[in-house]
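Visitor: Structure, please.
(2 chains)
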2 protein chains.
Amino acid sequence: MQSFELLSQKFILQFDKAHFPPQPVSLYGPNEYFLKMGGKRIRPVLCLMGNELVNEINPDAWHVANAIELFHNFTLIHDDIMDKAPLRRGNETLHAKYGESTAILAGDVMLVAAYDYLNKIDSLYLHQILHLFNHTAKEVCEGQQTDMDFEKKENVSFGEYMHMIGQKTSVLLAASLKMGTILGGAGERNQNLLFEFGKKLGLAFQVQDDYLDAFGDPGKFGKQVGGDILANKKTFLLIHALEVASASEKKELLTLLKTNPANKVEKVLQVFRDCKVDVWALQLKNKFLEEALTDLEDIAVISKRKEPLTELAHFLISREF
Amino acid sequence: MQSFELLSQKFILQFDKAHFPPQPVSLYGPNEYFLKMGGKRIRPVLCLMGNELVNEINPDAWHVANAIELFHNFTLIHDDIMDKAPLRRGNETLHAKYGESTAILAGDVMLVAAYDYLNKIDSLYLHQILHLFNHTAKEVCEGQQTDMDFEKKENVSFGEYMHMIGQKTSVLLAASLKMGTILGGAGERNQNLLFEFGKKLGLAFQVQDDYLDAFGDPGKFGKQVGGDILANKKTFLLIHALEVASASEKKELLTLLKTNPANKVEKVLQVFRDCKVDVWALQLKNKFLEEALTDLEDIAVISKRKEPLTELAHFLISREF
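Guide: Residues are numbered from 1 along each chain as shown, chains lettered A, B, ... in the order given. Reported below is the predicted structural model:
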C-alpha cells in the first residue's frame, strides 16, 4: 500500500492532461483554466486508497478517480457562482473571468465529462458505481441547497447543520473511499465501514475547518481568520454557542450578528471562549475522529493495510492551515 | 407500430409522476414545477419510435426516454438563466420564480436524475447508450456556447450557423432516435441512417422555426411574429439575406439592426422579401426534409414500419405554429 503523498503525486501526474477537446475554446478553455488552478485532489486519492485497502489497484480506479475530481470541480464552479465568489486559490473564479453563462455551461459539461470517465470502467462494476455516484451527486446538491436555505433561517439546530455538512462535504469523501473498495472487490460490510469512516472523517474535517476559521493561527491559516464570523456563517461553533449560551450571552451574540460592529470578530470570539466553544469543538473533532478510526479498525483487513488511511486521518485533522 | 400521437399519449401518461423525492422541497419542488409545465415531449417519443422501427418496444426504452426528457428539461432550465427569460410556455421560468442559485442546482440535479434513469437499463446496452448520451450532451453544451458566441460576432456564415443548430437542436433529436434503434437491436448501418434522418429533420425543423418567426400567421403562431428580428437573432433567414443581398440592401439591413427603428420588423421583412429569403427558406426546408426521407428510405426495414416516422416528419415540417 502506498501513502497518501505517494498516491497523490501519482494521481496529480496522471491528471495533468487536457480533459477536454480544444474546440470550442470559448467553452473548454475555461474548464482547463479551472482545472489548472490545482487543489489537494483529496477525493480521487481517497478512491485509490479505498481500493488499495483491500486489493491491488484496479486500473478502472484511475477512471473513477478522474470522474470524482471532475465532479468535485463541477460543484466548485457552480458553487462559486451561487456564492458570488470572485477568487478561488488566489485566481479569478470561472464566472468572474468568463461570465456567468459560460460558467454554468462549463460546469455542466464538466459533469458530463465525469460520466464519460465512469463509462470507461468494466461492465461488472458499472451499475454499482453509477448508482453510488448518482446518489452522492444528488446528496451534494441537496446539501448545497440546504446550506443556502440556512442563510435565510434564524434557528438551525446542531442536528440540522450536521446533516447538511454530511451531505455537502462528507458524503463525497465517503463515497470516494467506497467506490475504491467496490473496485477492489471488497464485501459489502467492509465497503460500508469504510464509507462510515469517510463520513465521520468529513465531519471531523469540517469541525476543524470551522475551528481554524475562528481560532486558527493567522500566520499559518491561509485565509482571513474570522471570515465566517464576519459573514454570519452558520458553523459548528456559532450553532453550539447559541445552544449553550446564557440568556445574556445569547442576546449579545445575536446583537453582534445583527449590528456588525467594527470589533465584531473579537467580541464574538470572546463569547465563544466564555461558552467554552473552543474546547468543545476540539472534543467534538476528536469524537468524530475516534468514531472514524473505530470503523476503520472494524474492517476485516490486516491492520498493516490500514496504516495509510490512519495516517491520513490524523494528518487531516491536525492540520493548522 | 404506433403513431407519434399514440406513443406520445402513452409516454405522457407514464411520465406524469414525481421524478424527485419530496425533500428538500426547496430543491425538488422547483423541478417538479418545471416538469409540470408540460411540453410536446418529442424527444422521448422519438426514442420509442426509433425502437419500434426495428422491433417491439424494449422496456428499457421507457427508462431512456425518461432520461432524454429530463436531460432536455435540464438544458431548458439552464438556458433560461443564460437567456434571462422570464417566461416559458406562459409560466414563470424556474430562475424567475425561485432565484438563480436554485435554478442552477435544480438543473444540475435534473441532469443527475437523467443518469439515474439510464442506470436502470440492462448492462448489455449500458456502455453504448451512455457513450451516445454523453457525446450528445457535450454537443448540446457546445452548441449553446457557440450560439452565445454568435451574439457577439458580426459575421456568421451559413455553414457555421448550420453546425451550431446541428449541435444545439438536431443532435438530441437524432440521438433519441438512435438510442431507440440500439435498444431495438438494430445494426450499425440502420442506427446511423436513422441518426442522419433525425439530424436533417432537426435542420428542417429549425428552418421552419426561423421562417415562422418572420413570416408566420400571427393568428396561428403562438409567439410574437418578428421576435427574432427585434432581438437581432442570427437565423437562417438573416444569415442568408446578408449573404445574398446587394450592397445597398446589405447596408440597409445592417443599419436596421443597429438603429432599431420603430418599423424595424416591417422593414427587415421587406428586405427579406426583396432578397427572396422566404422562397429560399421553404426550398431549404424541403431540401432537408427530402434528404431526411431518403435516409429513412435507405433503412433496411419494410416500409410499413417507417410510416409513423414519415408521417411525423411531414407533420413537424408543415406545422404553422
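Visitor: Pull up the residues of chain A that are close to chain B.
Guide: A:24, A:26-27, A:74, A:78, A:81-82, A:100-102, A:104-105, A:107-109, A:111-113, A:115-116, A:118-119, A:123, A:126-127, A:130-131, A:134, A:137-138, A:141-142, A:144-146, A:148-149 (Cβ under 8 Å from any Cβ of the partner chain). Where you see a C-beta, it was placed from the backbone N, CA and C, and this is true even at glycine.
Visitor: What strand or helix carries the residue lying farthest from the centre of chain A?
Guide: Here chain A reaches farthest from its C-alpha mean at A:S248, the gap being 35.3 Å by Cα atoms, centre = their mean. Element membership of A:S248 [criterion: DSSP states H and E] is helix A:247-259.
Visitor: tell me how far that helix is from the chain's mean position?
Guide: 30 Å (Cα atoms, centre = their mean, to the nearest Å).
Visitor: Pull out the buried positions in that helix.
Guide: By neighbour count on 16 or more other Cβ atoms under 10 Å in any protein chain shown, the buried set for helix A:247-259 is A:249-250, A:252-253, A:256.
Visitor: Just put those in CSV and tack on pLDDT.
Guide: Output for those, formatted as CSV (pLDDT from 0 to 100):
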residue, pLDDT
A:E249, 96
A:K250, 96
A:E252, 96
A:L253, 96
A:L256, 96
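Visitor: Closest to A:R305 out of the residues you listed?
Guide: A:L253 (46.7 Å; Cβ to Cβ).
Visitor: for the residue nearest to that closest one when sequence neighbours are not counted, helix, strand, or coil?
Guide: Using Cβ to Cβ, 6 or more residues apart in numbering or on different chains and skipping the chain neighbours, the partner closest in space to A:L253 is A:V271 (5.2 Å). Per DSSP: H, G, I helix; E, B strand; the rest coil, the secondary structure class of A:V271 is helix.
Visitor: thought A:V271 was touching A:L254?
Guide: No: with contact defined as Cβ atoms under 8 Å, A:V271 does not count as touching A:L254 (10.3 Å).
Visitor: End to end on stretch A:81-95, go ahead and measure it.
Guide: End-to-end span of stretch A:81-95 (Cα to Cα, to the nearest Å): 6 Å.
Visitor: element containing A:L126, please.
Guide: Assessed by DSSP H and E, A:L126 sits inside helix A:123-151.
Visitor: Check the model's average confidence along the helix or strand just after that helix for me.
Guide: Next along the chain after helix A:123-151, taking DSSP H and E as the criterion, comes helix A:158-165. In this model, helix A:158-165 has an average pLDDT of 97.
Visitor: repeat for stretch A:125-139
Guide: Stretch A:125-139 carries an average pLDDT of 98.
Visitor: quick one, phi psi at A:L87?
Guide: phi -130, psi 150 (degrees, to the nearest 10).
Visitor: if I look at it, how far off is A:F74?
Guide: Using Cβ to Cβ, to the nearest Å, we find A:L87 at a distance of 19 Å from A:F74.
Visitor: more neighbours, the two?
Guide: A:F74 (24 against 10; other Cβ atoms under 10 Å in any protein chain shown).
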